[in-house]
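J.: my questions are about this predicted structure, shown below with the sequence.
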Amino acid sequence: METVREILARHGVESVDQMDVNERYSIEVPGFDTLTLEKIAPERLSVAHHRVQRGDLMCDPEIVFRVEGNDWVPIEYTQHPRLYQHDESGLQLDGFVRKWNRNLREQGFVEAVASR
C-alpha cells in the first residue's frame, strides 16, 4: 500500500510505529467515500472507505493490516453488509490490494492531502 504510506508521510507519519493507537486520518475526495487510516492496535492499521447508510457506519471495503516494519499483511477484510474474513496468518488479497492501491492514487487521495 505505497499510496497509503505516501498519504501518511504527507501527514508527517513516516512509520505506523510512530502513530498512537486510535490516531486516525480521514481524507475526502468529492465523489468517493471518505478514506480513513486508523491505528486500531499495536501493529494494526485499518484502511477503509466509510460512509453512513441509514445511520450506520459502513465500510466498503476495510482491510486491517498487521504492520511489522515494511511488511503489511492483510489479516481482516470487511465489506458491509455481507462480507467478513479474518485470518491472523494473512489473507490472500494481493491482487485486490494492488488494485486498490492504484485506485486510491488515481482517485486523487494523495493530492487531497497535498492540497490541505
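T.: Yep, that arrived. Note that this is a predicted model, so its numbers are computed, not measured.

J.: mind listing the strands for this protein?
T.: 24-27, 34-41, 44-53, 56-68, 71-79, 83-86 (DSSP state E).

J.: redo these as TSV? Include distance to residue 10 and mean neighbour count.
T.: Glycine gets a C-beta too; all of them are placed from N, C-alpha and C. Formatted as TSV, these follow (distance: least, C-beta to C-beta, whole Å; neighbours: other C-beta atoms under 10 Å):
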stretch	distance to residue 10	mean neighbour count
strand 24-27	9	16
strand 34-41	11	18
strand 44-53	15	17
strand 56-68	18	17
strand 71-79	18	17
strand 83-86	30	11
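
J.: what residue of this structure is the furthest out?
T.: residue 54 (23.0 Å; C-alpha atoms, centre = their mean).

J.: and it, how close does it get to residue 64?
T.: 24 Å (C-beta to C-beta, to the nearest Å).

J.: returning to what we had before: would you reformat the strands of the chain as CSV and include mean pLDDT?
T.: Shown next, in CSV, are these (pLDDT from 0 to 100):
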stretch, mean pLDDT
strand 24-27, 94
strand 34-41, 96
strand 44-53, 91
strand 56-68, 91
strand 71-79, 94
strand 83-86, 93
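
J.: dump those strands to CSV, plus distance to residue 97.
T.: Below are the strands of the chain laid out as CSV (distance: least, C-beta to C-beta, whole Å):
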stretch, distance to residue 97
strand 24-27, 18
strand 34-41, 14
strand 44-53, 9
strand 56-68, 7
strand 71-79, 6
strand 83-86, 13
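
J.: residues in contact with residue 105?
T.: Residue 105 sits next to residue 3 when contact means C-beta atoms under 8 Å, 6 or more residues apart in numbering.

J.: repeat the analysis, applying 10 Å as the threshold.
T.: Residue 105 makes contacts with 2, 3, 4, 6, 7, 111, as judged by C-beta atoms under 10 Å, 6 or more residues apart in numbering.

J.: that's all I had, so thanks and see you.
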